[in-house]
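>>> Provided below are the primary sequence and the corresponding predicted coordinates.
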Amino acid sequence: MSSATASAPMSTTPEPSCTNHDNRPPADLLVCIDENQLCAGVIPHALTMATAFGGKVVLLHVVESAKPRAANHLDPVDWEIRRREARARLSDLAQHYQTSDSEIEICILEGHATDQICARASEKAGDITVISGQHDDGRHDTDTAQHIYASNVARRVIEADIGSVLMVPRSAFAQTPQTYSQILVPLDGSSIAESALPKAVRLAKAQKATLTICHVTAQPDMPQIGPPDDEVDRLQGRLMQRARQVGRHYLNTVKDALHDCGISVKTAIVEGDDVRRALIETVNRRNVDLLVMASHGQSGYTDVPSGHVTSYVLDHAQVPVLMVRQQHRTNGSHIVTDAKSKGVRPPSNAIQ
């Protein structure tokens with residue numbers, strides 16, 4: 001992660017409206033349900049997002065053997081019994097969480113869990129896969145082996161290129177559809193990071209929430225060889241001042257472009273030695289209900305499933321995280337500006 005503080009790509013004519021920010025078809029929420037229904041607490045969050053995105057909730061369960069790759073050797077009668085049991089469990093969950101404003105379907109798949117979930121998620125671009133968080137919440141009343149297995153499946157789903165993922169930590173499990181009043185979107189000046197904005201704006205409008213766009217400025221890397229150097233300290237101070245100015249200008253430009261979206265937008269410049277921890281601290285300090293961020297940022301390295309900042313946040317956030325993954329490569333155009341990154345480095349240190 002670079003700490004360069006050069007000028008960000010800016011537009012003198014930001015788009016005046018949000019009409020083109022997200023005109024995709026309705027997005028369904030595909031909720032992965034394990035055999036013991038340990039993650040049923042994610043369903044209320046899925047219901048909230050399905051309402052915002054005009055889609056429905058689909059409860060997914062994969063019937064598989066103890067050795068998934070050897071599924072063909074199972075007794076067909078045993079398979080049928082397990083399918084019926086799984087369908088009955090999902091039907092009970094659907095009935096329990098169903099509301100007059102929501103639609104819940106059930107889907108029973110057979111085979112290897114990760115393969116089947118990813119295949120279903122890939123059927124329609126724009127669908128969002130919903131999984132439970134990777135970290136434990138301190139409870140000890142769950143089956144440890146089942147919890148580890150579910151966590152491994154969740155990790156493999158995140159690493160698959162299947163589109164957007166909603167991760168709900170156990171600390172955020174709920175019983176009724178959730179209300180988000182504070183939504184945070186970290187931006188680093190790249191068009192990839194800005195790809196999270198359309199969904200965040202749509203959620204904020206549906207929830208009448210405040211949308212906070214933030215940029216993290218980290219201390220620039222300076223040589224530490226030799227004795228303390230006052231000139232190095234002064235240079236570091238000037239670089240930080242420049243980073244704050246550039247970041248603030250960039251966020252204000254984005255805020256201006258969102259002016260006609262009908263939502264409350266705030267900006268926040270965050271400073272910290274570690275961007276990842278700074279984001280987690282910002283979430284806690286600002287009582288954020290939902291974090292919406294792109295799977296990648298400035299680096300745009302598509303040979304990894306998510307940047308190291310996003311991966312860290314997914315593993316450590318105590319609030320739901322909607323990771324937005326672009327379905328197509330960006331050409332450098334910014335969502336909220338007409339600028340293109342052509343040899344000009346945007347503000348750094350937010351999302352990788």
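It's in.

>>> Which parts of the stretch 101-250 of the chain are strands?
In the stretch 101-250 of the chain, the segments counted as strands under DSSP state E, counting those that start in this stretch are 104-110, 128-132, 165-168, 182-186, 210-217.

>>> According to the record, where do the domains of the protein fall?
Using automatic domain parsing, the domain parsing of the chain gives 29-163, 182-324.

>>> For residue 45, give me its contacts.
Residues in contact with residue 45 (C-beta atoms under 8 Å, 6 or more residues apart in numbering) are 130, 166, 168, 172, 174, 178, 320. Where C-beta positions appear, they are placed from N, C-alpha and C, glycine not excepted.

>>> can you tell me how far it sits from residue 75?
Distance, residue 45 to residue 75, by C-beta to C-beta, to the nearest Å: 37 Å.

>>> next one: residue 103
Going from residue 103 to residue 75 by C-beta to C-beta gives 35 Å.

>>> Looking at those two, which has the bigger crowd around it?
Legend: neighbour count by other C-beta atoms under 10 Å for residue 103 and residue 75, higher for residue 103 (15 against 8).

>>> The closest residue to that one other than its chain neighbours: what's it in contact with?
Among residues not flanking residue 103 along the chain, residue 56 sits closest, at 4.1 Å (C-beta to C-beta, 6 or more residues apart in numbering). Residue 56 is in contact with 26, 28, 29, 50, 102, 103, 104, 105, counting by C-beta under 8 Å, 6+ apart.

>>> how about stretch 250-270: buried residues?
For stretch 250-270, burial by neighbour count (16 or more other C-beta atoms under 10 Å) applies to 250-251, 253-258, 261, 263, 265, 267-270.

>>> Let me see the mean pLDDT of that stretch.
Taken as a whole, stretch 250-270 has a mean pLDDT of 94.

>>> Straight-line length of it, end to end?
Distance between the boundary residues of stretch 250-270 (C-alpha to C-alpha, to the nearest Å) amounts to 13 Å.

>>> ranking the domains of the chain by burial, who's on top?
By mean neighbour count, with neighbours taken as mean count of other C-beta atoms under 10 Å, domain 182-324 ranks first of these at a mean of 19.

>>> In the stretch 1-150 of the chain, what residue spans correspond to helices?
Assigned by DSSP state H, counting those that start in this stretch, the stretch 1-150 of the chain shows helices spanning 43-53, 76-97, 113-121, 144-159.

>>> which of those helices has the lowest average pLDDT?
Among these, helix 144-159 carries the lowest mean pLDDT, at a mean of 70.

>>> how near is residue 206 to residue 262?
11 Å.

>>> ah, wrong one, I meant residue 127
Residue 127 sits 26 Å away from residue 262, going by C-beta to C-beta.

>>> For the nearest residue to residue 200 once chain neighbours are set aside, which residues are in contact?
Nearest residue to residue 200 in three dimensions, chain neighbours excluded: residue 292, at 4.0 Å (C-beta to C-beta, 6+ apart). Residue 292 is in contact with 183, 184, 185, 196, 199, 200, 203, 321, 322, 324, counting by C-beta under 8 Å, 6+ apart.

>>> hang on, isn't the fifth one packed against residue 326?
Read that as residue 199. No. The criterion here is C-beta atoms under 8 Å, and residue 199 misses it with residue 326 at 11.5 Å.

>>> out of the contacts of residue 45, which is most surrounded?
Of all those, the highest neighbour tally under other C-beta under 10 Å goes to residue 130, namely 29 neighbours.

>>> just curious, which of the contacts of residue 56 is nearest to residue 211?
Closest approach to residue 211 among those (C-beta to C-beta): residue 50, at 19.6 Å.

>>> I'd guessed the closest one sits against residue 57; true?
Yes. Counting by C-beta under 8 Å, residue 50 does reach residue 57; the two are 5.0 Å apart.

>>> which residues are common contacts for these two?
Counting by C-beta under 8 Å, 6+ apart, the residues touching both residue 50 and residue 57 are 28, 29, 102, 103.

>>> what's the distance between the third one and residue 54?
Yep, that's residue 102 we're talking about. In this view, residue 102 and residue 54 are 12 Å apart by C-beta to C-beta.

>>> Also the last one?
As judged by C-beta to C-beta, residue 103 and residue 54 stand 11 Å apart.

>>> Extract the C-alpha trace of stretch 182-200 and format it as PDB.
Taking C-alpha atoms only, stretch 182-200 is exported to PDB below (Å, rounded to 0.1, in the frame of the first residue of the first chain):
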ATOM      1  CA  GLN A 182     -25.400   4.700   9.500                       C
ATOM      2  CA  ILE A 183     -23.700   3.300   6.300                       C
ATOM      3  CA  LEU A 184     -20.000   3.700   5.700                       C
ATOM      4  CA  VAL A 185     -18.200   3.600   2.400                       C
ATOM      5  CA  PRO A 186     -14.400   3.800   2.300                       C
ATOM      6  CA  LEU A 187     -13.000   5.300  -0.900                       C
ATOM      7  CA  ASP A 188      -9.400   5.600  -2.100                       C
ATOM      8  CA  GLY A 189     -10.000   7.700  -5.200                       C
ATOM      9  CA  SER A 190     -10.100   4.800  -7.600                       C
ATOM     10  CA  SER A 191     -13.000   3.900  -9.900                       C
ATOM     11  CA  ILE A 192     -12.900   0.400  -8.500                       C
ATOM     12  CA  ALA A 193     -13.500   1.600  -5.000                       C
ATOM     13  CA  GLU A 194     -16.300   3.900  -6.200                       C
ATOM     14  CA  SER A 195     -18.100   0.800  -7.700                       C
ATOM     15  CA  ALA A 196     -19.500   0.300  -4.200                       C
ATOM     16  CA  LEU A 197     -21.300   3.600  -4.200                       C
ATOM     17  CA  PRO A 198     -24.400   2.700  -6.300                       C
ATOM     18  CA  LYS A 199     -25.500  -0.100  -3.900                       C
ATOM     19  CA  ALA A 200     -24.600   2.000  -0.900                       C
END
